[in-house]
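**Q** Mind folding the following:
(chains A and B)
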Protein chains: 2
Amino acid sequence: MIAAVERAGPLCAGIDPSEQLMARWGLPDDASGMREFAFRCIEAFDGVVPVLKFQVAFFERHGAAGLRVLEEAITSARSAGSIVIADAKRSDIGSTVAAYASAWLAPDSTLRSDAVTVVPYFGLEALGPVCDLARAVGAGVFVVVRSSNPGGRWLQTALVPDAAAASGVTGAGAPDIGAAAPAEGAKTVEDTLLAAIADLNAASGGVGHVGAVVGATLTPSAFPLASLGGIVLTPGYGAQGGTASGLARLFADCDPGTVLANVSRSLLDGGPEVGSLRSHADRLRQEIADALRPSSP
Amino acid sequence: MIAAVERAGPLCAGIDPSEQLMARWGLPDDASGMREFAFRCIEAFDGVVPVLKFQVAFFERHGAAGLRVLEEAITSARSAGSIVIADAKRSDIGSTVAAYASAWLAPDSTLRSDAVTVVPYFGLEALGPVCDLARAVGAGVFVVVRSSNPGGRWLQTALVPDAAAASGVTGAGAPDIGAAAPAEGAKTVEDTLLAAIADLNAASGGVGHVGAVVGATLTPSAFPLASLGGIVLTPGYGAQGGTASGLARLFADCDPGTVLANVSRSLLDGGPEVGSLRSHADRLRQEIADALRPSSP
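**A** Sure, this is the predicted structure:
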């Protein structure tokens, strides 16, 4: 993924066929319309955008028929050389979370993607089967850590007393974030998770298989993202309020290729024509690459 | 649901066709095997167990073909008069979470269920579209609040300073849990969520549409579950370590019909024969009803 991002730019196209967008593109809101929508996106972004993120919820709205379209779209996009993230935000424990890992990452799954998004309400340890399978098959996991919606802040910034002991992932202590911690000996839920992800990745050497989702509209937290050891996926640029200067500030010091901006609405507004969607994507890619360039102000 | 539980007993059958269980039942681990598994369960539990919970992950392992089986199973079970919970543990924000609500609860969805499980990492407010649709169509939502896995405790018990203001759901203050709070002015994530759910349900009058998932192996938290105003779904009885006395202690004072014990492994071990599965379910139902009876020790 890092090679693709360094070559083509740090843009991830969010393919979100919502009810509203289907109407705007003049397509029927059913499985056939979803298919047309997905394949126009795949054609438009081929060779321009290195990573495609399919929002599973919009396909799931149409049940098994919608998931059949998603299978086709994922398979086609990967065959064409795109990197595919399944934005499924799955979570559970034990054999259930292992089943989700299998659905989205196993080589013999019809939904096989290059990476999947997961949600850590059960703790990071519970997501072990997804991280393990990702490592085994050379895929990735993106853990939603800091979401952009204001209604999620209170939970994600709740305080974990003695966070290092609590992360419970590797048994080793979490990296020391010292003076910046919000209360003596306590870290926020989100920073505890980021530190635990860094621990997991440190065990891999190089860039690890576990990334994080961090909203583009947020200000930096105490944890230094440059030390995550994995890729950060950042949604919220454009229509949702994220700006170039915001990206530059949030990801200062991060290595080139380790930050991937997901753009959905602002990008898909370039459609429904394949040509206009493609040139719109090309402009956005340049804009975001400039914002994330190390020399950028 | 309360009427069904009062009539038939507080048992929810967790239909979890895991790889291991498919093998134990001698069924092929593919869509056809899943179909056989699901329909044996539906037949065995008809008239004995009032609520069936399908674990979506195990069907999702088989992609669109697995989801097609789940559509058939949900439709058949509901036609036969069972109440169906889709254990999907979905979560997201905005139009995406609205799409999940639509997938699992909308009257015209092929996956339409009577209730769906959701995960609150984005805050409770983000789950608004699911709660709203549930209320509009007379369905239910179960928010996973206190999970039984030890690795989730640190996050779910992280402290929210000034929790009443933070819940951000109704604008009104959360119920006062006073002296039992773990630190002055602070509440845990899980108790903040429970209080916010109680607020939502209080606005409905009677028993509200929003329930909570609370692991059967846990000890009580500061929040009094009897004041939730919704149904509590409690997994973990039997194979996972939950006991009758544990249930009685955790749900003391809860109204009859408002606590529903989900049993999966301990129940499905009664298979693969329909007859033995049925009589096994009948015994378990009695055991759990006794544990939750108000006069129980």
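**Q** can you map out the strands along the stretch 51-200 of chain A?
**A** Taking DSSP state E, counting those that start in this stretch as the test, the strands found in the stretch 51-200 of chain A are A:51-55, A:83-90, A:115-118, A:140-146, A:159-161, A:186-188.
**Q** In TSV, list those strands along with distance to chain B.
**A** Every residue, glycine included, has its C-beta placed from N, CA and C. What follows is the strands of the stretch 51-200 of chain A, written out as TSV (distance: least, C-beta to the nearest C-beta, whole Å):
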stretch	distance to chain B
strand A:51-55	6
strand A:83-90	5
strand A:115-118	9
strand A:140-146	7
strand A:159-161	5
strand A:186-188	8
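**Q** Please tabulate those in CSV, including the columns distance to residue B:43 and mean neighbour count.
**A** Below are those laid out as CSV (distance: least, C-beta to C-beta, whole Å; neighbours: other C-beta atoms under 10 Å in any protein chain shown):
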stretch, distance to residue B:43, mean neighbour count
strand A:51-55, 37, 26
strand A:83-90, 30, 26
strand A:115-118, 35, 26
strand A:140-146, 38, 26
strand A:159-161, 47, 21
strand A:186-188, 49, 24
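**Q** Need those strands in CSV (columns: distance to residue B:113).
**A** Listed next are the strands of the stretch 51-200 of chain A as CSV, based on distance: least, C-beta to C-beta, whole Å:
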stretch, distance to residue B:113
strand A:51-55, 21
strand A:83-90, 18
strand A:115-118, 23
strand A:140-146, 24
strand A:159-161, 34
strand A:186-188, 35
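**Q** could you redo these as TSV and give each row distance to residue A:281 and mean pLDDT?
**A** Formatted as TSV, the strands of the stretch 51-200 of chain A follow (distance: least, C-beta to C-beta, whole Å; pLDDT from 0 to 100):
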stretch	distance to residue A:281	mean pLDDT
strand A:51-55	11	98
strand A:83-90	15	98
strand A:115-118	20	98
strand A:140-146	21	98
strand A:159-161	40	93
strand A:186-188	35	94
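**Q** What residues are recorded as beta-bridge partners of the residue nearest the centre of chain A?
**A** Taking C-alpha atoms, centre = their mean, the centroid of chain A lies closest to residue A:233, which sits 4.1 Å from it. Beta-bridge pairing of residue A:233 under DSSP bridges involves residue A:213, residue A:260.
**Q** Distance-wise, check it relative to residue A:20.
**A** 23 Å (C-beta to C-beta, to the nearest Å).
**Q** C-alpha coordinates for stretch A:32-51, PDB please?
**A** Taking C-alpha atoms only, stretch A:32-51 is exported to PDB below (Å, rounded to 0.1, in the frame of the first residue of the first chain):
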ATOM      1  CA  SER A  32     -28.600  -3.200 -10.700                       C
ATOM      2  CA  GLY A  33     -28.200   0.500 -10.000                       C
ATOM      3  CA  MET A  34     -25.500  -0.300  -7.400                       C
ATOM      4  CA  ARG A  35     -23.700  -2.400  -9.900                       C
ATOM      5  CA  GLU A  36     -23.700   0.400 -12.500                       C
ATOM      6  CA  PHE A  37     -22.500   2.900  -9.800                       C
ATOM      7  CA  ALA A  38     -19.700   0.600  -8.600                       C
ATOM      8  CA  PHE A  39     -18.400  -0.200 -12.000                       C
ATOM      9  CA  ARG A  40     -18.400   3.500 -13.200                       C
ATOM     10  CA  CYS A  41     -16.300   4.300 -10.100                       C
ATOM     11  CA  ILE A  42     -13.900   1.400 -10.800                       C
ATOM     12  CA  GLU A  43     -13.400   2.600 -14.400                       C
ATOM     13  CA  ALA A  44     -13.000   6.200 -13.500                       C
ATOM     14  CA  PHE A  45     -10.500   5.600 -10.700                       C
ATOM     15  CA  ASP A  46      -8.400   3.000 -12.500                       C
ATOM     16  CA  GLY A  47      -4.800   4.300 -12.700                       C
ATOM     17  CA  VAL A  48      -5.700   7.500 -11.000                       C
ATOM     18  CA  VAL A  49      -6.600   6.600  -7.400                       C
ATOM     19  CA  PRO A  50      -4.500   3.800  -5.800                       C
ATOM     20  CA  VAL A  51      -7.000   2.600  -3.100                       C
END
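**Q** residues of that stretch that come out buried?
**A** Buried residues in stretch A:32-51, defined by neighbour count with 16 or more other C-beta atoms under 10 Å in any protein chain shown: A:33-42, A:44-46, A:48-51.
**Q** Same check on stretch A:269-278?
**A** For stretch A:269-278, by 16+ other C-beta under 10 Å, it's A:270, A:271, A:272, A:274, A:277, A:278.
**Q** got those as JSON lines, with secondary structure, pLDDT and distance to chain B columns?
**A** Shown next, in JSON lines, are the buried residues of stretch A:269-278 (DSSP: H, G, I helix; E, B strand; the rest coil; pLDDT from 0 to 100; distance: C-beta to the nearest C-beta, whole Å):
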{"residue": "A:270", "secondary structure": "coil", "pLDDT": "92", "distance to chain B": "18"}
{"residue": "A:271", "secondary structure": "coil", "pLDDT": "91", "distance to chain B": "17"}
{"residue": "A:272", "secondary structure": "coil", "pLDDT": "96", "distance to chain B": "18"}
{"residue": "A:274", "secondary structure": "helix", "pLDDT": "97", "distance to chain B": "24"}
{"residue": "A:277", "secondary structure": "helix", "pLDDT": "96", "distance to chain B": "20"}
{"residue": "A:278", "secondary structure": "helix", "pLDDT": "96", "distance to chain B": "24"}
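**Q** quick one: which two of the residues you listed are the most distant?
**A** A:272 and A:278 (12.1 Å; C-beta to C-beta).
**Q** So which residues on the stretch 101-250 of chain A come close to chain B?
**A** Within reach of chain B by C-beta under 8 Å from any C-beta of the partner chain, the stretch 101-250 of chain A has these residues: A:102-103, A:109-111, A:119-126, A:144, A:147-156, A:158-161, A:163, A:166-168, A:186, A:188-189, A:192.
**Q** I'd like to know which helix or strand in chain A has the lowest mean pLDDT.
**A** helix A:163-166 (a mean of 52; mean pLDDT, DSSP states H and E).
**Q** before we move on, back to that, minimum distance to residue B:94: which of the strands of the stretch 51-200 of chain A has it?
**A** Closest of those to residue B:94 is strand A:51-55, at 10.8 Å (criterion: C-beta to C-beta).
**Q** Okay, residue A:155 and residue B:91: tell me how far apart.
**A** 11 Å.
**Q** Find the residues that touch each one of those two.
**A** B:120, B:121, B:122 (C-beta atoms under 8 Å, 6 or more residues apart in numbering or on different chains).
**Q** and chain A, which of those residues contact it?
**A** Okay, of these touching chain A (C-beta under 8 Å from any C-beta), that's B:120, B:121, B:122.
**Q** Those residues in helices, which ones?
**A** Residues of those located in helices (DSSP state H): none.
**Q** if we can go back for a sec, mind listing what the residue nearest to the centre of chain A touches?
**A** Neighbour list for residue A:233: A:12, A:53, A:85, A:117, A:142, A:211, A:212, A:213, A:214, A:260, A:262 [criterion: C-beta under 8 Å, 6+ apart].
**Q** so where's the stretch 51-200 of chain A uncertain?
**A** Confidence mapping of the stretch 51-200 of chain A against pLDDT under 70 gives the ranges A:163-184.
**Q** please redo it, this time with the cut-off set to 80
**A** A:162-185 (pLDDT under 80).
**Q** how about the helices of it, start to end?
**A** Ranges of helices in the stretch 51-200 of chain A, per DSSP state H, counting those that start in this stretch, are A:56-60, A:63-79, A:94-105, A:128-137, A:153-156, A:163-166, A:189-202.
**Q** Now do the fourth one: everything it contacts.
**A** By that I understand helix A:128-137. Contacts to helix A:128-137, defined as C-beta under 8 Å, 6+ apart, come from residues A:90, A:97-98, A:100-102, A:105-107, A:115-116, A:118, A:139-141, A:200, A:204, A:209-210.
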